[in-house]
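Participant: using only what follows, build the 3D model:
(2 chains)
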Amino acid sequence: MKLYNSLVYSVGAHLDQTRIERVSFTSPTVTTRQFFLTTLWRYSFMRFSSLLCCVSNTSARRDKVDEIKVVVRAAIIQLYTSLTLLLQSTETQAASNQPYTPQRAQGLFNSFADEDDRDVIGPEGLERLCTEADISLDGAQPLILAWQLKCSEMGKFTRAEWLHGMGLLE
Amino acid sequence: MVLRYLTTGSIRISSLPVLAQALKELEDLLIRDKQTVTRSPSTSSQAKKRGSANTTEPYKRTRYWQYASDRKAAFAELYQFCFMLAKPPLVFMHH
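Facilitator: Below is the predicted model:
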């Protein structure tokens, strides 16, 4: 939390100096990210209003407005990124909480099945599956998956193997 | 010995995060030789005796616990499977 407090302070300080600095998220938790964004927005708007009140010169005021626009744009991008990450983490959580059903097992197979042969997950589908599941293709996990599904051919899963392995034909 | 685990039932997985978790747990168990995952209370012997439903496990870990009971045999089975999978098909030459 200290890190994010300092980031918020840093953005505020840069607003004071009418200079923008890119604020980067490393790997914050959702709660921390939300806290950070809320604080950032609150702080930014407070600063914007005070900045506009203090500047009397028209051209200087225009410069300030331009800078504020940049800050708002950067904040919107950050907010959008954070919301996307939040949505993704929520979806992942929801998917991992889903209980097993044969229909879901079928759906999972269908989402990686080959275009030409819908009863087979070929090497391309397997690669996509591993990418989406964050499984390294170089490691042992694809082989363990093949073992669990009792595959007869390397880099290829048939629908029967998949459904049997995943539980439909239990 | 090789066919020992083939009739132990399926793992009952229908979502990608759970599949990834199951594969990681098996890799940790058989390849990395890590400690087994903690048994959830509902799969304990008392829970089984009471016949309560297993609601806490993300997937059916029956196979996992069987592998954990004899890691060497399970690894040998995996090794044998990989060996057979990678082996090129036999070609008979007819003279």
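Participant: residue 81: neighbour count?
Facilitator: You didn't pick a chain, so chain A it is. 13 (other CB atoms under 10 Å in any protein chain shown). Every C-beta, even on glycine, is put in place using the N, C-alpha and C of the backbone.
Participant: that's the other chain; I wanted chain B
Facilitator: For B:Phe81, the count of nearby residues is 18 (other CB under 10 Å).
Participant: where's whichever residue of chain A sits closest to chain B, which helix or strand?
Facilitator: Using CB to the nearest CB, the single residue of chain A nearest to chain B is A:Arg104, 3.4 Å away. Using DSSP states H and E, A:Arg104 maps to helix A:102-112.
Participant: near chain A, which residues of chain B?
Facilitator: Residues of chain B lying close to chain A (CB under 8 Å from any CB of the partner chain) are B:6, B:9-24, B:26-27, B:30-31, B:58-60, B:63, B:77-78, B:81-82, B:85-86.
Participant: rerun that using 6 Å as the cut-off
Facilitator: B:9-10, B:12-18, B:20, B:23, B:26-27, B:31, B:78, B:81-82, B:85 (CB under 6 Å from any CB of the partner chain).
Participant: pull out the buried residues from the residues you listed.
Facilitator: Burial by neighbour count, 16 or more other CB atoms under 10 Å in any protein chain shown: within the residues of chain B next to chain A this picks out B:10, B:12-18, B:20, B:23, B:26-27, B:78, B:81-82.
Participant: chain neighbours aside, what residue packs nearest to A:Leu126?
Facilitator: Nearest residue to A:Leu126 in three dimensions, chain neighbours excluded: A:Gly155, at 5.7 Å (CB to CB, 6 or more residues apart in numbering or on different chains).
Participant: would you confirm that the one you found contacts A:Pro123?
Facilitator: Yes - A:Gly155 is within contact range of A:Pro123, at 4.4 Å (criterion: CB atoms under 6 Å).
Participant: now chain B, which segments are flagged as low pLDDT?
Facilitator: B:1-10, B:41-55, B:91-95 (pLDDT under 70).
Participant: quick one, what contacts the one residue in it that gets nearest to chain A?
Facilitator: In chain B, the residue that lies nearest chain A is B:Ser14 (3.4 Å; CB to the nearest CB). Contacts for B:Ser14 were tallied using CB atoms under 6 Å, 6 or more residues apart in numbering or on different chains; they are A:Tyr100, A:Thr101, A:Arg104, A:Ala105, A:Leu108.
Participant: check which helix or strand A:Cys151 maps to.
Facilitator: Applying DSSP H and E, one finds A:Cys151 in no helix or strand.
Participant: many thanks, I have nothing further to ask.
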